[in-house]
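[1] Only the shape, not the letters, is given here:
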DNA sequence: ACTATGTTTGAACAATCCCTCAATTGAATG
DNA sequence: CATTCAATTGAGGGATTGTTCAAACATAGT
């Protein structure tokens, strides 16, 4: 129980409760929050955020989001200052994360941002300060 | 102009335009998209996403989001299986990214998720498939 | 002042990431 | 079938990250 000793002192200090029932009640609340926070969505969300947390990949998503339609790799490659290989690696990661979908059209490959990708960008744009 | 040769072939192949005006028009569109995608928001967004793209830091934000109120470090530390030092490093990065705010209360430190943090989590929750 | 406790900071190191290069696949065309 | 071009894949290595440990700082109580 060493991990809760500090919490017990905190509850005694800052919240009225000095009794064991107050401590255990708050502990139960926190456990419940923890259970809700640690669901299966955690790994998927962290994977998605990791995929977006890179300038090259973020820029690809942003370009596809602004375009509002599917784009050929050859269309946005000139806008990124990395090799075609790096772009392909980036597209693979974005696909795995559920942020883009791929369509084959002859020898060209076209990519489109998913609704999930658009939702995250809209949230970022909508919460920007000033 | 070697970077646009492939694009020229693509436009000739897939879109009717074989003329230079068609190519330059599409190029202008893509340049405009690029300019919009590469604004000053890029670095800030990537920084924010990088801060969230880690299990420890994501879980802290998720806990604060669910709690809906400020929490003392000592309250959520027991829910994370890393050292206090790691938690403090995580809180520092989250603060720098604008995802949490800090308040001193005696010897305790209390943290709260920002509106921006909540907006991103809501977008993630709202776009989850089934 | 001294001590105890909560939190932060800096150094250090393993683990991971992100790029380039080289080779490969897949599709269209001569 | 050979060639050409678009895109992908895998290996390799330098850069970055995420954690722990030890030490320091800050606040409250004795």
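    Ah, there it is. From a predicted model like this one, the values you see are computed outputs, not experimental measurements.
[2] contacting residues for residue A:15?
    Counting by CB atoms under 8 Å, 6 or more residues apart in numbering or on different chains, residue A:15 touches A:22, A:26. To be clear about C-beta, it is placed using only N, CA and C from the backbone, and glycine gets the same treatment.
[3] Also residue A:52?
    So residue A:52 contacts A:58, A:61, A:97, A:99, A:120, B:46, B:49, B:53 (CB under 8 Å, 6+ apart).
[4] Scan the residues you listed and report the most crowded one.
    Using other CB atoms under 10 Å in any protein chain shown as the neighbour criterion, residue A:99 leads the contacts of residue A:52 with 26 neighbours.
[5] That one and residue A:117 touch, don't they?
    Yes - using CB atoms under 8 Å, residue A:99 makes contact with residue A:117 at a distance of 4.1 Å.
[6] Please enumerate the shared neighbours of the two.
    Common neighbours of residue A:99 and residue A:117, using CB under 8 Å, 6+ apart, are residue A:61.
[7] residues of the longest helix seen in chain A that come out buried?
    For chain A, the longest helix by residue count, based on DSSP state H, is helix A:20-37. The neighbour-count check on helix A:20-37 (16 or more other CB atoms under 10 Å in any protein chain shown) flags A:23, A:26-27, A:30, A:33-34, A:37 as buried.
[8] Go through the residues you listed and say which is closest to DNA strand D.
    The shortest approach to DNA strand D among those belongs to residue A:37, at 14.9 Å (CB to the nearest atom of the strand).
[9] Excluding chain neighbours, what is closest to the residue nearest the centre of chain A?
    Note on chain A: the residue nearest the mean C-alpha position is residue A:49, at 2.8 Å, using CA atoms, centre = their mean. The shortest distance from residue A:49 to any non-neighbouring residue, by CB to CB, 6 or more residues apart in numbering or on different chains, is to residue B:53 (4.0 Å).
[10] where's the one you found relative to residue A:108, distance?
    Taking CB to CB, to the nearest Å as the measure, residue B:53 falls 31 Å from residue A:108.
[11] List the contacts of residue A:46.
    B:52-55, B:58.
[12] Shouldn't it be within a helix?
    Yes - counting by DSSP: H, G, I helix; E, B strand; the rest coil, residue A:46 is part of a helix.
[13] and it, how far is that from residue A:40?
    Going from residue A:46 to residue A:40 by CB to CB gives 12 Å.
[14] hang on, isn't residue A:37 packed against residue B:62?
    Yes - contact status for residue A:37 versus residue B:62: in contact at 4.1 Å, counting by CB under 8 Å.
[15] Can you tell me which residues in chain A are near DNA strand C?
    Within chain A, the residues that sit near DNA strand C (CB under 7 Å from any atom of the strand) are A:5-6, A:9-10, A:50, A:53-56, A:82-83, A:85-86, A:89-90, A:93, A:104, A:106-107.
[16] now, which of these lie within helices?
    Per DSSP H, those map to helices at A:5-6, A:9-10, A:50, A:55-56, A:85-86, A:89-90, A:93.
[17] CSV please, covering the residues you listed and showing pLDDT and neighbour count.
    Putting these into CSV (pLDDT from 0 to 100; neighbours: other CB atoms under 10 Å in any protein chain shown) gives the following:
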residue, pLDDT, neighbour count
A:5, 85, 11
A:6, 92, 17
A:9, 92, 12
A:10, 93, 20
A:50, 98, 18
A:55, 98, 16
A:56, 98, 17
A:85, 98, 8
A:86, 98, 13
A:89, 98, 14
A:90, 98, 22
A:93, 98, 19
